[in-house]
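Colleague: Following is a predicted model, sequence given first.
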Amino acid sequence: MTQLVNHPDRFADEAVDGLVAAHPGRLRRCRGGVVRADPLPEGAVAVVLGGGSGHHPAFAGWVGDGFAAGAACGGVFASPSARQIRSVALAAHAGGGVLLGYGRYAGDVLHFGLAAEMLRAEGVDVREVAVGDDVASAPPEEAHRRRGIAGDLVVLKVAGAAAAAGLPLDAVEALAHRADARTRTLGVALSGCTLPGSRDPLFSVPRGRMGVGLGIHGEPGLEERELGTADEVADLLLDGVLAEEPARGEGRQGYRGRVAVLVNGLGGSAREELLVLHRRVDERLRAAGLVPVRPEVGEHVTSLDMVGASLTLCFLDDELEEHWRAACDAPTYRRAAVPAEVTALEPVPDRDEDAPPGPAAEGSRAAADRA
């Protein structure tokens with residue numbers, strides 16, 4: 001339950017103010033959200049993210065080197081207005097155009113679209129990518145209706161890295177859309193979240209049950225099932241996203257069995273629980289001949305205090321992998337560049353396993369005798 005609240009109407013703004021205060025010199029407050037403290041190089045593409053608050057660290061926490069130039073921040077689970085988005089985009093714009101990135105929800109689609117029209121009228125070259133990775137929200141033949149959930153991280157990270165690499169707006173937009181087309185997510189909820197100032201959660205899940213196919217704005221799962229073991233939940237999530245694995249291909253844009261992996265917490269699950277899920281996901285991916293690339297395990301796209309988790313896979317090609325691996329340094333998402341191949345190491349052998357016990361010191365034997 002969200003309890004540390006001054007006033008519900010100020011909660012979202014005060015959270016953003018706190019984030020900026022926690023990262024002096026890295027973020028700058030602007031009307032409608034935040035931008036990088038250090039401006040982009042002249043002529044660079046500005047990737048501007050956004051959506052409702054309540055999903056921390058998304059989206060303001062992703063503003064920084066190698067990721068976003070700015071983030072528009074709406075109220076809790078409410079889209080930022082078109083004027084807020086326009087304001088952030090103008091503050092971030094460096095002359096190379098703007099890519100607006102957001103999850104596909106009705107309010108976001110409307111407001112980001114209006115903001116894009118306003119910016120174009122002012123002479124700014126603007127493109128949009130509406131992330132739709134949630135396999136539960138629409139069938140494959142209607143993928144254009146799918147909502148964006150934790151896959152936002154993968155798609156928008158790729159776009160931010162492409163912009164940081166100096167690619168022009170056309171190329172950044174193309175990569176973002178291709179990442180979106182290759183990204184799939186499925187999640188489960190074990191309890192609902194509670195809005196600031198409210199006493200009751202937006203929905204409840206009976207003990208021993210789980211909602212499958214959750215949304216990140218307090219939407220319950222699309223169906224309810226019995227809660228199984230951690231491995232059974234991991235299998236359910238993995239089977240759901242692997243059902244849409246694309247065919248293998250050659251060339252720089254071909255998929256060859258390499259996947260970006262994200263096990264995401266919704267805000268109220270223990271980190272150890274997420275690691276237990278990831279252990280099973282990793283085990284099954286490798287058994288299927290797939291290669292996990294730069295896995296992420298933690299809370300990245302949350303829903304206030306919801307208990308639950310989601311699994312995201314992005315079916316990579318060479319270009320997508322390059323930008324998924326690229327270094328970035330945002331306040332809540334930092335990674336160093338890594339070699340192209342990092343393999344899991346065998347456990348360190350126990351050198352003392354078969355060694356005879358050594359002689360105990362006199363003091364130790366005396367203490368043991370008194371025990």
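Modeller: Nice, thanks for sending it over. Residues are numbered from 1 along each chain as shown.

Colleague: From the chain's centroid, how far away is the one helix or strand Ala163 maps to?
Modeller: Using DSSP states H and E, Ala163 sits in helix 151-164. Computed by CA atoms, centre = their mean, to the nearest Å, the chain-centroid distance of helix 151-164 equals 10 Å.

Colleague: Quick one: mean pLDDT for it?
Modeller: For helix 151-164, mean pLDDT is 98.

Colleague: and the helix or strand just after that helix with helix 151-164, angle?
Modeller: As assigned by DSSP H and E, the chain's next helix or strand after helix 151-164 is helix 169-181. Here helix 169-181 runs at an angle of 160 degrees relative to helix 151-164 (axes from the mean of the first three to the mean of the last three CA atoms, to 10 degrees).

Colleague: mind listing the helices for the chain?
Modeller: Using DSSP state H, the helices of the chain run over 11-22, 82-92, 106-121, 151-164, 169-181, 230-242, 271-287, 318-325, 362-370.

Colleague: Next, the angle helix 318-325 makes with the helix holding Ala163.
Modeller: Using the same axes, to 10 degrees: helix 151-164 against helix 318-325 is 100 degrees.

Colleague: Alpha carbons of helix 151-164, as PDB, please.
Modeller: Backbone C-alpha positions of helix 151-164 (Å, rounded to 0.1, in the frame of the first residue of the first chain) are rendered in PDB as follows:
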ATOM      1  CA  GLY A 151       9.100  -4.300 -23.200                       C
ATOM      2  CA  ASP A 152       9.300  -0.500 -23.100                       C
ATOM      3  CA  LEU A 153      12.700  -0.900 -21.500                       C
ATOM      4  CA  VAL A 154      14.200  -3.000 -24.400                       C
ATOM      5  CA  VAL A 155      12.600  -1.100 -27.300                       C
ATOM      6  CA  LEU A 156      13.400   2.400 -25.900                       C
ATOM      7  CA  LYS A 157      16.900   1.300 -24.800                       C
ATOM      8  CA  VAL A 158      17.700   0.300 -28.400                       C
ATOM      9  CA  ALA A 159      16.400   3.600 -29.700                       C
ATOM     10  CA  GLY A 160      18.400   5.600 -27.100                       C
ATOM     11  CA  ALA A 161      21.600   3.700 -27.900                       C
ATOM     12  CA  ALA A 162      21.100   4.200 -31.700                       C
ATOM     13  CA  ALA A 163      20.700   7.900 -31.100                       C
ATOM     14  CA  ALA A 164      23.700   8.100 -28.900                       C
END
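
Colleague: coming back round to it: for the helices of the chain, which one ends up most surrounded?
Modeller: helix 151-164 (a mean of 29; mean count of other CB atoms under 10 Å). Just so you know, the C-beta spots here come from the backbone N, C-alpha and C atoms, and that holds for glycine as well.

Colleague: Where does the prediction get shaky in the stretch 201-350 of the chain?
Modeller: Across the stretch 201-350 of the chain, the ranges flagged by pLDDT under 70 are 339-345.

Colleague: mind listing the strands in the stretch 251-371 of the chain by residue range?
Modeller: Secondary structure of the stretch 251-371 of the chain (DSSP state E, counting those that start in this stretch): strands located at 258-265, 291-298, 307-315, 328-330, 333-335.

Colleague: circling back: Asp65: which of the helices of the chain is closest?
Modeller: helix 151-164 (6.8 Å; CB to CB).

Colleague: List the residues that contact Ala71.
Modeller: Gly33, Val34, Val35, Val48, Leu49, Gly50, Phe59, Ala60, Trp62, Val63, Val88 (CB atoms under 8 Å, 6 or more residues apart in numbering).

Colleague: Would you reformat these as a markdown table and include pLDDT and distance to Ala288?
Modeller: Formatted as a markdown table, the contacts of Ala71 follow (pLDDT from 0 to 100; distance: CB to CB, whole Å):
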| residue | pLDDT | distance to Ala288 |
| --- | --- | --- |
| Gly33 | 98 | 41 |
| Val34 | 98 | 40 |
| Val35 | 98 | 42 |
| Val48 | 98 | 37 |
| Leu49 | 98 | 32 |
| Gly50 | 97 | 36 |
| Phe59 | 97 | 33 |
| Ala60 | 98 | 37 |
| Trp62 | 98 | 30 |
| Val63 | 98 | 36 |
| Val88 | 98 | 42 |
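
Colleague: Out of the residues you listed, which comes closest to Ala116?
Modeller: Using CB to CB, the contacts of Ala71 come closest to Ala116 at Val48, 10.4 Å.

Colleague: Dig out what that closest one forms beta bridges with.
Modeller: Under DSSP bridges, the beta-bridge partners of Val48 are Gly70, Leu100.

Colleague: quick one: it from Val34, how far?
Modeller: Distance of Val48 to Val34, computed by CB to CB, to the nearest Å: 10 Å.

Colleague: Common neighbours of these two, please.
Modeller: By CB under 8 Å, 6+ apart, the residues touching both Val48 and Val34 are Gly70, Ala71, Val88.

Colleague: Thanks again, I'm all set now.
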